[in-house]
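*Asks:* Give me coordinates for this.
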Amino acid sequence: MRRILLTALAIVSWSGSVWGQESAPPGNQAELVKTLLERIDKLEKRVSDLEGKLACPAQPCEPPVRAVRALEGAVAAKPVAVAQNPAPMPEHEQRPPLAGEQSTFPSMQIRGFADVDFGATDQHGTTSGFTLGQFVLHISSPLSSKVSFFGETSFTAQAPGTTNLPPYKLDVERVLLRYDYNDIFKISFGKYHTPVNYWNTAYHHGLWLQTTIARPEMIKFGGQFLPVHFIGVLGEGEVPSGPLGLNYQVGMGNGRSTDIARAGDFGDINNNRAYVVNLFSKPIHIPGFQIGTSVYGDEISSPTSTLPRTRELINSAHIVWIHETPEFLAEFANVRHYIPQTGQTFNSQGYYIQMAYRLPWFDKKWKPYYRFEHIHLPVGEPIFTISSSNITNFEGSTAGVRFDITDFAALKAEYRNTQNGGAGQPRFNGVFLQSSFTF
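*Replies:* Okay, the predicted model is just below:
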């Protein structure tokens, strides 16, 4: 194209020299040539830009860094997160595809997570070495423009015991059918992560999603303090509130099982429904900021025969700013147990504060972090235990760093210092390493 334009320019210049010598002095001809050359350069650049767009008409050729987020759901058919550990995607933000985004239904998508860990501590009776973490599969499928399905299963290696256990344990972590009527009202049925605090809905079983290696003690998988899973119905949506960005979640279903660390997948153990209400604000003008509170109520069966029924009421609050520079999370929960037979009331408290900052150097791949956490159980608490019935406190400090190898894989290293019990009890030290990834 440039050669054609230059040829045309030469003809024009020659014509001017033959036919218009009196009206086009040499100085003016030089300026004309320079102007035409500049216009040719601009036209070539424009053609190059148009050709680049035509090569990738439907989507950006390179997805933006925050465009892919490891499929949080399902209900959610949103793309997966990139590493650099972006802001998490809680379940209340998940949606099925909009009309036109899917031409056929159903349209199944599968995502996976896995991690490999190493740990060593100076606590008596523990062993060090490598472990295979959870292997997690997310399966989502839009069934229509407003209805979607999501399922999450995990495979977890089991420690050898006296019984003949299989080497891996299979768990159905989430199974949801969701209907999105509009932004104000959405309803889902099935098994989901209880919206009893922020961490439990923002970070799921794929540990690549979270900054740290381990979850806080108060909301860890297999823990007793807060109910991780819930089976029932959940309504959620946005409250018209302008810049406040108010949201709600209201659920009812089976609460804790006989093993209070697990949900009642097979039914409610005492024919008493549990409920949960979660309210939070995400101000439009403060990206990544969220503040909220929740209430959870249930009647559970005690693991001891002397206290068959216990009324449980959980109040919690959180304030988070997932901004990467910095990242801040703080949560508090009070768990109240009331024993009708004796009239006794026990209040247990748990909280954590976590801070992180993605360093601007080395292509922003390094992210150091620190977390302090504490759990207090009153003397005589009949439901909860920490290691043994005589221990009423847990305190821990975690310092570590995350290194993002690629957008979908990370290496993490942590040092932990923990204490089970009050003042005077021994403290334990541990070093932990993890390779986590999504695919």
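*Asks:* Send me whichever strand or helix holds residue 252 as CSV with only the CA atoms.
*Replies:* Using DSSP states H and E, the element containing residue 252 is strand 246-254. The C-alpha trace of strand 246-254 is given here as CSV (Å, rounded to 0.1, in the frame of the first residue of the first chain):
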residue,chain,number,x,y,z
LEU,A,246,-26.7,-3.1,50.1
ASN,A,247,-27.2,-6.9,49.6
TYR,A,248,-29.0,-9.6,51.5
GLN,A,249,-29.1,-13.4,52.0
VAL,A,250,-31.8,-15.3,53.8
GLY,A,251,-31.8,-19.0,54.2
MET,A,252,-33.6,-21.9,55.9
GLY,A,253,-32.7,-25.6,56.1
ASN,A,254,-31.0,-28.4,58.0
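*Asks:* Contacts for that strand next, please.
*Replies:* Strand 246-254 is contacted by residues 92, 194-195, 230-239, 263-265, 267-268, 273-282 when judged by CB atoms under 8 Å, 6 or more residues apart in numbering. C-beta here means a position set from N, CA and C on the backbone, and glycine is covered the same way.
*Asks:* at 7 Å instead, please
*Replies:* Here strand 246-254 makes contact (CB atoms under 7 Å, 6 or more residues apart in numbering) with 92, 195, 230-239, 263-264, 267-268, 273-282.
*Asks:* just stretch 151-161 next, same as before
*Replies:* By CB under 7 Å, 6+ apart, stretch 151-161 touches 131-132, 134-139, 165, 167-175, 204-205.
*Asks:* Narrow those to those that are buried.
*Replies:* Buried by 16 or more other CB atoms under 10 Å: 134, 135, 136, 137, 138, 139, 171, 173, 174, 175, 204, 205, out of the contacts of stretch 151-161.
*Asks:* May I see the buried residues of stretch 234-251?
*Replies:* Buried, per 16+ other CB under 10 Å, within stretch 234-251: 234, 236, 237, 238, 245, 246, 247, 248, 249, 250, 251.
*Asks:* among the contacts of strand 246-254, which are in strands?
*Replies:* 230-239, 274-281 (DSSP state E).
*Asks:* for the residue nearest to residue 409 when sequence neighbours are not counted, what are its contacts?
*Replies:* Leaving aside its sequence neighbours, residue 409 sits nearest to residue 437 (CB to CB, 6 or more residues apart in numbering; 3.9 Å). With contact set as CB under 7 Å, 6+ apart, residue 437 has these partners: 114, 208, 408, 409.
*Asks:* any idea how far the helix or strand hosting residue 437 is from the chain center?
*Replies:* Using DSSP H and E, residue 437 sits within strand 427-438. Distance of strand 427-438 from its chain centroid, counting by CA atoms, centre = their mean, to the nearest Å, is 19 Å.
*Asks:* For residue 198, see how far away residue 216 is.
*Replies:* For residue 216, the distance to residue 198 equals 11 Å [CB to CB, to the nearest Å].
*Asks:* ok, which pair from the buried residues of stretch 234-251 is furthest apart?
*Replies:* Using CB to CB, the two most remote members of those are 245 and 251, lying 20.7 Å apart.
*Asks:* Who does residue 372 form a beta bridge with?
*Replies:* Using DSSP bridges, the beta-bridge partners of residue 372 come out as residue 353, residue 397.
*Asks:* For it, list the residues it contacts.
*Replies:* Neighbours of residue 372 in contact, by CB under 7 Å, 6+ apart: 352, 353, 397.
*Asks:* Residue 358 now?
*Replies:* Here residue 358 is in contact with 84, 324, 325, 364, 367 (CB under 7 Å, 6+ apart).
*Asks:* same check, this time on residue 167
*Replies:* 157, 158.
*Asks:* before we move on, what about residue 429?
*Replies:* Contacts of residue 429 (CB under 7 Å, 6+ apart): 121, 122, 417.
*Asks:* so the first one makes contact with residue 427?
*Replies:* No. Counting by CB atoms under 7 Å, residue 121 stays clear of residue 427, with 10.9 Å between them.
*Asks:* burial count for the residue lying closest to residue 121 once chain neighbours are set aside?
*Replies:* In space, residue 121 comes closest to residue 430 once its chain neighbours are excluded; the distance is 3.5 Å by CB to CB, 6+ apart. Here the number of neighbours of residue 430 (other CB atoms under 10 Å) works out to 18.
*Asks:* Mind listing the residues bridging to residue 430?
*Replies:* residue 121, residue 416.
*Asks:* Ok, residue 291 next?
*Replies:* Bridge pairing for residue 291 - DSSP bridges - gives residue 281, residue 319.
*Asks:* what does residue 246 give?
*Replies:* Going by DSSP bridges, residue 246 forms beta bridges with residue 239, residue 281.
*Asks:* Quick check: the gap between it and residue 321.
*Replies:* Residue 246 is 18 Å from residue 321, by CB to CB.
*Asks:* Please apply the same query to residue 394.
*Replies:* Distance from residue 394 to residue 321, by CB to CB: 26 Å.
*Asks:* how about the nearest residue to residue 119, chain neighbours excluded?
*Replies:* For residue 119, the spatially nearest residue (CB to CB, 6+ apart) is residue 432, at 4.6 Å.
*Asks:* ignore the last one, residue 380
*Replies:* Residue 380 sits nearest to residue 346 (CB to CB, 6+ apart), 6.7 Å away.
*Asks:* The one you found in helix, strand or coil?
*Replies:* strand (DSSP: H, G, I helix; E, B strand; the rest coil).
*Asks:* change the start of the numbering to 13 and stick with it
*Replies:* Shifting the count to begin at 13 puts that one at residue 358.
*Asks:* show me the contacts for it.
*Replies:* Per CB under 7 Å, 6+ apart, neighbours of residue 358: 349, 390, 392, 393.
*Asks:* Likewise for residue 212?
*Replies:* 205, 206, 231, 240.
*Asks:* now swap in residue 426 and tell me
*Replies:* With CB under 7 Å, 6+ apart, residue 426 has these contacts: 224, 225, 410, 412, 444.
*Asks:* Next up, the contacts around the fourth one.
*Replies:* Contacts for residue 412 were tallied using CB under 7 Å, 6+ apart; they are 224, 225, 381, 424, 425, 426, 427.
*Asks:* For my notes, confirm it occurs in a helix.
*Replies:* No. Counting by three-state DSSP, residue 412 is not found in a helix; it is strand.
*Asks:* With adjacent residues omitted, what lies nearest to it?
*Replies:* Closest to residue 412 by CB to CB, 6+ apart is residue 426, at 3.6 Å.
*Asks:* So residue 222 sits against residue 215, correct?
*Replies:* Yes. Between residue 222 and residue 215 there is a contact at 4.3 Å, judged by CB under 7 Å.
*Asks:* shared neighbours of these two, which are they?
*Replies:* With CB under 7 Å, 6+ apart, residue 222 and residue 215 have no common neighbours.
*Asks:* is the residue nearest to residue 392 in a bridge, and if so with what?
*Replies:* Under the criterion used (DSSP bridges), residue 358 bridges to residue 349.
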